[in-house]
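Engineer: Give the three-dimensional model of this entry:
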Amino acid sequence: MKSTSVIRTSIILYNACESSAFLKPASTRPLHFHTKSSSLESGNAITKRSLILRAADDDGTSMSSSRPFGTSSPQNIGRDLTVRGVASSPLKEEDLTDNSVEAEKDGKEGTARGKDGEGVGGIATFLKEKIGTVDESRLAFPEIVSGEVPRMFSNISYKDMVEEDGKLSKLAIHDSGSVISAAALVAGTTIGAGVLALPTATAPAGFLPSSAALIVAWFYMTISGLLIAELSINRMGETGKVGVGLLDIYKTYLGDGLGKLGSGAYFFLHYAIMVAYLSQGGANIGAFLSSVGVESIAGVQGLDQLLFAGTVGGLVYLASPSVVEKINNLLVVGVVGTFFGIIGLGAGSADFGALVAMENQHAELVVNAFPILFLSMVFQNIVPTVVTQLEADRRKITEALILGTGMPLIMFLAWNAIILGNVVSMPGALQDGVSPIALLQNEGIGGEALGNLVGVFSELAVTTSLIGFIYGLIDGLTDVANLPTKGPDFEKWKPALFAGTLVPPLLLSFGNPDIFYNALDYGGAFGVSTLFLVLPPIMVWKLRYGEENRSLSVPPMVPFGKIPLGSLWKAAGTLIIEQGAEKLGVFEFLQKIFLE
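Structural biologist: Numbering: from 1, shown residues only. I've put the predicted structure just below:
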C-alpha cells in the first residue's frame, strides 16, 4: 500500500557526489573556521574542489585565493576563515596568497598591448575585454562549469511507503524534468490569441518581408528568454530558494526606480492584452448568438463581452486549479485540432503564386508589424517555471526554449501563408487595417467550413490565453499587495483581486470593435518591448559587468558578451521611439509641414 502524501522539496546541489549528501552553496550558507585545529564538516561526502577562500585579518582586510585542495582536515590557521564551498585539505598560511596585484598588473599590460596593436594576442585581449567576458573564478559552482554537475539543485518528491512488515518508510523520487515537456509548456504559452492579429499586421508588408521579420522577432525573443533564465538561476543561487517570480527578478536587479518601470510594464502589458481578449471573445460570442437567432441579446452593447468575461472568470474563480487545468488542456487540444484543420482546408484554396509575387511585397512597411510579431512570441512569463522544472540545468533550459519557440515559429509561418494566401487575390484585402480573418469568416472565402473553423479556433485560442493571463494578473496583484497566493488571507481578498483583474479591461472593451488589434499593437510596442526586450539585457549587463567581484551561479546563457545585450535593448528602444512618434502623429505632422 502507498500513502498519497507527497512532499515536494528542492535541494541545492554543490558537489558531484552520487550520494544524497547535497549541500547549499556558500552564498546561501557559508561555513566558518576558527582557530585551534578546526575541521571541516561536510555532511556525508567531501570532494576535491577548487574553492575561493576569504581570510579576514584582525584589521578587517581580506585576501582571496582559488586553488584545488586534497582530502584531509584543515590545519591551524591562526585566524577566522569563511570558506565558500566544500573542501577537506591541509590549509597552510602560504596557501592564502593575494594574487590581486599581479592580476591587476597583467590585466593592464594586456589592455595596453591590445590598444597599441602589439601582436595578435594583444589585439585579441583588447577585443575580448571590449566584448565582455565573465571570469570563471566568479562562478560559485565550479562543478557546473567543469560539467561534473549539470544542474544546481534537484527536485525531490518524498512518498510515504508502507512496507510488508507494516513499517512506514519514505521513498525519495528524483524528478529531473523533461526537455520535451518544458518545450511543450513554452510552445503552449507562445501560441495564444496574438496569432489572430498576425495576418492583419503582416498583410500590408507582404508574406516574404513579414516572414523574415517574424524570424528576426523569434531570434530576439528567444535571446530575451535565455537572459531571463540566466537571471532566474542567479537569483536562485543568491537566495537558496527555487521558484522565484518574474517581478521579484525585476525588483532585485533593477532597483527601486527601474524596478517600478518593470512592474508598470508588466501590468500595462497584461491589462492591454486582457482588453483585446475580452473584446475578441465577446465579439465571437455575439456572432454565434446572431447566427442562432438570438438577436435580442447579441444586440445589447457590451453584453457579449460581459458574458465572455463572466464565463471564463467565473470558471477560474469557482473551480479548483486542477479542474481549470483539465478544462484548459481540453481547450488546447481543440486549438491544435482546429489549427491543423485550417491548414489542411486552406492549403487547397490558397493562391501561393500571388502570395509570393513581388508586386505584393512591401518591405518598407514591415517595421509597423514588429509590435504584433513580438507580442505573438511572448513566453517569458513562464521561464522561471521552466528553470525550476529543469533544475537550473543550463543545457536543458537552452534546448527547451529554442525548441519550444521554434515550433510556434513554424506554425505562425504556415498560418500566415494560409490566411494571406486565401485573401491575397481579393481587392483591398492586404491594405492597412483590414482583417484577413474577418474576410474569411464573413465573405465565405475558401468555403464555409474554413470560415467556421477560423471562428472556433479564434474563440478557443482567446479562451486559453485569457485563463493564463487571469492567473498572471492575480499573481502580480498579490505580489504588489504582499498577499499570499493561497490560504485564508487569499480567500478574504479573492473577490477584490478578481474584480481588479477583470473589471478594468472589461470596461475598456465595451463598444469598440477595433480595440482588439489596437490593444495588442500598443501592448507589443510598449509593454513587450520594455518588459522583455529593454530591461532583461540591462539587468544582465549589471549582473555580469556592473560588479566584477560579484559571484555568479551560472555562465552566460547567451554568447558574445555585450554584443547581443546592446543589440537587444537598442533595437527595442528604437522601436519604442518610432512607434511612439507614429502613434502620437509626429510623422504625419512633419510630413504635412515639409510637403506643404
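Engineer: The nearest residue to Gly561 once chain neighbours are set aside: how many residues sit nearby?
Structural biologist: In space, Gly561 comes closest to Gly132 once its chain neighbours are excluded; the distance is 3.4 Å by C-beta to C-beta, 6 or more residues apart in numbering. Using the backbone N, CA and C atoms, a C-beta is placed for each residue, glycine as well. Using other C-beta atoms under 10 Å, the number of residues around Gly132 comes to 16.
Engineer: For Gly132, give its distance to Phe587.
Structural biologist: 36 Å (C-beta to C-beta, to the nearest Å).
Engineer: cool, Gly310 as well?
Structural biologist: 41 Å.
Engineer: Likewise for Thr485?
Structural biologist: 45 Å.
Engineer: ok so, going back, from what I can see the residue nearest to Gly561 touches Leu543, true?
Structural biologist: No - using C-beta atoms under 8 Å, Gly132 makes no contact with Leu543, being 11.7 Å away.
Engineer: how about the strands of the stretch 151-300 of the chain, start to end?
Structural biologist: For the stretch 151-300 of the chain, the strands defined by DSSP state E, counting those that start in this stretch occupy 153-162, 168-174.
Engineer: Next: the chain.
Structural biologist: 2-12, 31-33, 50-56, 62-68, 81-84, 153-162, 168-174 (DSSP state E).
Engineer: Now for Val383: which residues touch it?
Structural biologist: Gly225, Ile228, Ala229, Ser232, Leu246, Leu401 (C-beta atoms under 8 Å, 6 or more residues apart in numbering).
Engineer: From the structure, what's the count of residues near the closest residue to it other than its chain neighbours?
Structural biologist: Spatial nearest neighbour of Val383, chain neighbours left out: Ile228 (4.6 Å); criterion: C-beta to C-beta, 6+ apart. Look at Ile228: counted by other C-beta under 10 Å, it has 28 neighbours.
Engineer: likewise the one 5 residues further on?
Structural biologist: As a burial measure, the neighbour count of Ile233 was computed by other C-beta under 10 Å and equals 27.
Engineer: cool, Leu502 as well?
Structural biologist: 22.
Engineer: try Leu584
Structural biologist: 10.
Engineer: how close does it sit to Gly264?
Structural biologist: 19 Å.
Engineer: that older thread, in contact with the residue nearest to Gly561, which residues?
Structural biologist: Counting by C-beta under 8 Å, 6+ apart, Gly132 has contacts Arg544, Tyr545, Gly561, Lys562.
Engineer: Now do the most centrally placed residue in the chain against Ser224, distance only.
Structural biologist: Taking C-alpha atoms, centre = their mean as the criterion, Gln380 is the residue nearest the geometric centre of the chain, at 1.9 Å. Going from Gln380 to Ser224 by C-beta to C-beta gives 6 Å.
Engineer: same thing with Gly177?
Structural biologist: Gly177 is 22 Å from Ser224, by C-beta to C-beta.
Engineer: higher neighbour count, these two?
Structural biologist: The neighbour comparison of Gly177 against Ser224 (other C-beta under 10 Å) goes to Ser224, with 29 against 20.
Engineer: Can you name the residues in contact with stretch 207-221?
Structural biologist: 201-202, 205, 355-356, 360-363, 365-366, 369-370, 373-374, 376-380, 405-406, 409, 412-413, 416-417, 420-421, 532-533, 568, 571-572.
Engineer: Pull out the buried members of those.
Structural biologist: Buried subset of the contacts of stretch 207-221 (neighbour count, 16 or more other C-beta atoms under 10 Å): 201-202, 205, 355-356, 360-362, 365-366, 369-370, 373-374, 376-380, 405-406, 409, 412-413, 416-417, 420-421, 532-533, 568, 571-572.
Engineer: Output the below-cut-off pLDDT ranges for the stretch 351-500 of the chain.
Structural biologist: 433, 444, 446 (pLDDT under 70).
Engineer: again, only this time at 90
Structural biologist: Scanning the stretch 351-500 of the chain for pLDDT under 90 picks out 381-382, 384-386, 388-393, 422-491.
Engineer: What of the stretch 101-250 of the chain?
Structural biologist: Counting by pLDDT under 90, the ranges of the stretch 101-250 of the chain that qualify are 101-197, 236-250.
Engineer: Which parts of it are helices?
Structural biologist: 119-131, 142-146, 179-190, 198-202, 207-239, 246-291 (DSSP state H, counting those that start in this stretch).
Engineer: What residues sit buried inside the third one?
Structural biologist: It stands for helix 179-190. Under 16+ other C-beta under 10 Å, the buried positions of helix 179-190 are Val179, Ala182, Ala183, Ala184, Leu185, Val186, Ala187, Gly188, Thr189, Thr190.
Engineer: Looking at these, which one is closest to Asp475?
Structural biologist: Thr189 (14.3 Å; C-beta to C-beta).
Engineer: so who does the closest one touch?
Structural biologist: Listed by C-beta under 8 Å, 6+ apart, the contact set of Thr189 reads Val378, Phe379, Asn381, Ile382, Gly468.
Engineer: redo that, cut-off 6 Å
Structural biologist: By C-beta atoms under 6 Å, 6 or more residues apart in numbering, Thr189 lies in contact with Phe379, Ile382.
Engineer: quick one, what contacts the residue nearest to Leu375 when sequence neighbours are not counted?
Structural biologist: Among residues not flanking Leu375 along the chain, Gly524 sits closest, at 3.4 Å (C-beta to C-beta, 6+ apart). Residues in contact with Gly524 (C-beta under 6 Å, 6+ apart) are Pro371, Ile372, Phe374, Leu375.
Engineer: Next, format these as CSV and append distance to Lys396.
Structural biologist: Converted to CSV, the contacts of Gly524 look like this (distance: C-beta to C-beta, whole Å):
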residue, distance to Lys396
Pro371, 32
Ile372, 31
Phe374, 26
Leu375, 27
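Engineer: tally of neighbours for Ser137?
Structural biologist: 13.
Engineer: Give me the pLDDT value at Pro513.
Structural biologist: For Pro513, the model assigns a pLDDT of 59.
Engineer: brain fart, Met557
Structural biologist: Model confidence at Met557 (pLDDT) stands at 91.
Engineer: Quick check on it: phi, psi?
Structural biologist: phi -80, psi -20 (degrees, to the nearest 10).
Engineer: how far away is it from Leu543?
Structural biologist: 11 Å.
Engineer: again with Pro536
Structural biologist: For Pro536, the distance to Leu543 - C-beta to C-beta - is 10 Å.
Engineer: cool, Arg394 as well?
Structural biologist: The separation that Arg394 has from Leu543, given C-beta to C-beta, amounts to 15 Å.
Engineer: surely the residue nearest to Val383 meets Leu535?
Structural biologist: No - Ile228 lies out of contact with Leu535 (C-beta atoms under 6 Å); the separation is 9.6 Å.
Engineer: can you list residues touching both of the two?
Structural biologist: Contacts common to Ile228 and Leu535, judged by C-beta under 6 Å, 6+ apart, are absent.
Engineer: ok so, going back, in helices, which of the buried ones among the contacts of stretch 207-221 fall?
Structural biologist: Taking DSSP state H, the ones among the buried ones among the contacts of stretch 207-221 that sit in helices are 201-202, 355, 370, 373-374, 376, 405-406, 409, 412-413, 416-417, 420-421, 568, 571-572.
Engineer: quick revisit: among the contacts of Gly132, which one sits closest to Phe594?
Structural biologist: Taking the contacts of Gly132 together and measuring to Phe594 by C-beta to C-beta, the closest member is Lys562, at 38.0 Å.
Engineer: which one of the strands of the stretch 151-300 of the chain lies closest to Leu439?
Structural biologist: Using C-beta to C-beta, the nearest of these to Leu439 is strand 153-162, at 48.6 Å.
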